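Undergrad: Take a look and give me a structure for this.
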Amino acid sequence: MKRVAKVVGFVGGAIAVIWAMRDRFISVATSREPQPPTFRNVSTETVPVDQLDGIGPVFAQRLSAAGLGDVGALATASPDQVAEAAGVSAARARNWIDLAASH
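TA: Numbers count the residues shown, from 1 in each chain. Here you go, the predicted model:
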């Protein structure tokens with residue numbers, strides 16, 4: 001009976017650890033999935049990126065140094081390129097790109 005209790009306790013503990021870490025496993029798996037292609041409506045006017053919500057003067061300077069100083073260039077850039085240039089996460093970069101595309 002003690003052996004069964006030990007086995008049940010061990011299996012239960014393993015399941016609890018996996019359950020607690022499931023969000024970590026899922027988020028890592030989904031972040032590596034490729035993004036589907038999207039069409040963006042890019043305007044030809046040059047609007048500085050600091051006009052967008054969430055992009056202040058520091059991020060605008062970093063993006064400008066990478067050649068992404070206007071909304072049109074930001075809207076056509078890849079999330080990885082924007083994230084690397086500004087030093088932000090890919091999710092935040094995707095948000096900025098979507099804002100630029102809708103501007």
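Undergrad: What number of residues are in the vicinity of the spatially closest residue to D50 that is not a sequence neighbour?
TA: Spatial nearest neighbour of D50, chain neighbours left out: A60 (3.8 Å); criterion: C-beta to C-beta, 6 or more residues apart in numbering. Every C-beta, even on glycine, is put in place using the N, C-alpha and C of the backbone. Residues within reach of A60, counting by other C-beta atoms under 10 Å, total 19.
Undergrad: With G54 instead?
TA: With other C-beta under 10 Å as criterion, G54 counts 10.
Undergrad: Could you do V49 as well?
TA: Number of residues near V49 (other C-beta under 10 Å) recorded here: 27.
Undergrad: Would you list the phi and psi of it?
TA: Phi and psi for V49, reported as degrees, to the nearest 10, are phi -70, psi -20.
Undergrad: So the residue nearest to D50 lies in a helix, does it not?
TA: Yes - looking at A60 with DSSP: H, G, I helix; E, B strand; the rest coil, it is inside a helix.
Undergrad: Contact partners for A73?
TA: Applying C-beta atoms under 8 Å, 6 or more residues apart in numbering to A73 gives the contacts G67.
Undergrad: show me where the protein has helices.
TA: For the chain, the helices defined by DSSP state H cover 2-31, 57-65, 71-76, 79-86, 90-102.
Undergrad: The shortest one: which residues count as buried?
TA: Within helix 71-76, the residues that qualify as buried by neighbour count (16 or more other C-beta atoms under 10 Å) are 71-75.
Undergrad: nearest to A90, of the residues you listed?
TA: Nearest to A90 out of those is L74 (C-beta to C-beta; 14.3 Å).
Undergrad: got a list of what the closest one touches?
TA: Shown in contact with L74 (C-beta under 8 Å, 6+ apart): 49, 52, 63, 68, 82, 96-97, 100.
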